[in-house]
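Engineer: Okay, sequence plus prediction incoming.
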Amino acid sequence: MLRKFKISIDGKEYLVEMEEIGGVPQAPSAAPVAPAVPVVEAAPTTPVAAEPTAPVASTPAGNDAMPSPMPGTILKILVNVGDTVQENQPLMILEAMKMENEIVAGKAGTVTGIHVQQGDMVNPGEPLITIG
């Protein structure tokens, strides 16, 4: 499982992505973050086919994407791209400070993009889902 951490060393902040050994492999997120420190690339390996655990983002996040209200981890995604949703309908579950928080639709419409996957760690303001 890929996890993101913000680490401060001597007053300088670094964004680090780490893979949990023995965890379920995940596809890269829809909006990759440029590394803050140089990264040494390993030789390419043959990817192993894995069943996705959550829908993959269909489009890059635009300005109309619903932002994360708080930092946390995506526990469950309750809708798929193309689903019609109503205002205040639960879209996903975000765990923050050991509490499960429902992220609900701010308006009625059709889900046009999901920009996170189950298990992703998000920060406030990061795009979660787009409803058109």
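Structural biologist: Noted; the coordinates are in hand.
Engineer: From L94, how far out is S68?
Structural biologist: Distance, S68 to L94, using C-beta to C-beta, to the nearest Å: 7 Å. Yep, even glycine has a C-beta here, placed from its N, CA and C like the rest.
Engineer: intersection of neighbour lists for those two?
Structural biologist: Residues touching both S68 and L94 (C-beta atoms under 8 Å, 6 or more residues apart in numbering): 103, 122.
Engineer: The host helix or strand of M92 pairs with which strands, parallel or anti?
Structural biologist: Per DSSP states H and E, M92 falls inside strand 90-96. Strand pairing for strand 90-96, using DSSP bridges, gives strand 72-77 (antiparallel), strand 99-104 (antiparallel).
Engineer: Give me whichever of those strands is most buried.
Structural biologist: strand 72-77 (a mean of 18; mean count of other C-beta atoms under 10 Å).
Engineer: Reformat the strands paired with strand 90-96 as JSON lines; add mean pLDDT and distance to K4.
Structural biologist: As requested, these are arranged in JSON lines below (pLDDT from 0 to 100; distance: least, C-beta to C-beta, whole Å):
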{"stretch": "strand 72-77", "mean pLDDT": "94", "distance to K4": "10"}
{"stretch": "strand 99-104", "mean pLDDT": "90", "distance to K4": "18"}
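Engineer: mind checking which of those strands is nearest G125?
Structural biologist: strand 72-77 (12.6 Å; C-beta to C-beta).
Engineer: immediately after that closest one, which helix or strand?
Structural biologist: Using DSSP H and E, the first helix or strand after strand 72-77 is strand 84-85.
Engineer: if we can go back for a sec, what are the buried residues along the strand holding M92?
Structural biologist: 91-94 (16 or more other C-beta atoms under 10 Å).
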